[in-house]
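Asks: Return atomic coordinates for the entry below.
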Amino acid sequence: THYFQQFPGVRAYLDRSRQLAADQGYLETLLGRRRYFPLLKPDAGQKVSFQMRQSAEREAINMPIQGTAADIIKIAMINLARTLRERHYRARLILQVHDELVLEVPDDELAAVKPLVVEVMEGAFTLDAPLVADAKAGQNWAEMG
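Replies: Numbers count the residues shown, from 1 in each chain. Just a heads-up that it's a prediction; the model follows:
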């Protein structure tokens, strides 16, 4: 397709991930967390339907990227909770949604906590590409739209 012609490295990455999952039965995130894919191993044989195999391949292809993102957000959560506690802020982490952290922050702490959240999230893990975060404040999600 046109996409793979424009980004040939993506096709190679997908093929490599699929093959590695089949060869070793698992893939790892950048931080070393493993997910196993027994349906992709050659010895899975006839007991695996075409649809089951296709589903497992899609999961394997997505796992290193999505899994690494999950690892990074968990590191950011731990670091942020620790930093808030060490600096004696009353702000509290209350929710994580995909790549987003939701905090409850007293009005008098907002000016200090907002840039701190960005700093902690952007510094959670070093990649070749920068991690970019932003922070919004509001009484509800509609106000932060």
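Asks: OK, contacts around Gly138?
Replies: Contact partners of Gly138, counting by C-beta atoms under 8 Å, 6 or more residues apart in numbering, are Met144. C-beta: built from backbone N, CA, C; applies to glycine.
Asks: what's the single longest helix in the protein?
Replies: Ordering each helix of the chain by length in residues (DSSP state H) puts helix 50-86 first.
Asks: Same question for that one: list its buried residues.
Replies: 56-57, 59-61, 63-64, 67-73, 75-77, 79-81, 84 (16 or more other C-beta atoms under 10 Å).
Asks: and that helix, what does it pack onto?
Replies: Applying 3 or more C-beta pairs under 8 Å, 6 or more residues apart in numbering; DSSP states H and E, one finds that helix 50-86 contacts helix 8-24, strand 26-28, strand 34-36, strand 92-97, strand 100-104, helix 110-122.
Asks: how's the chain carved up into domains?
Replies: Domain ranges of the chain: 2-70, 72-144, per automatic domain parsing.
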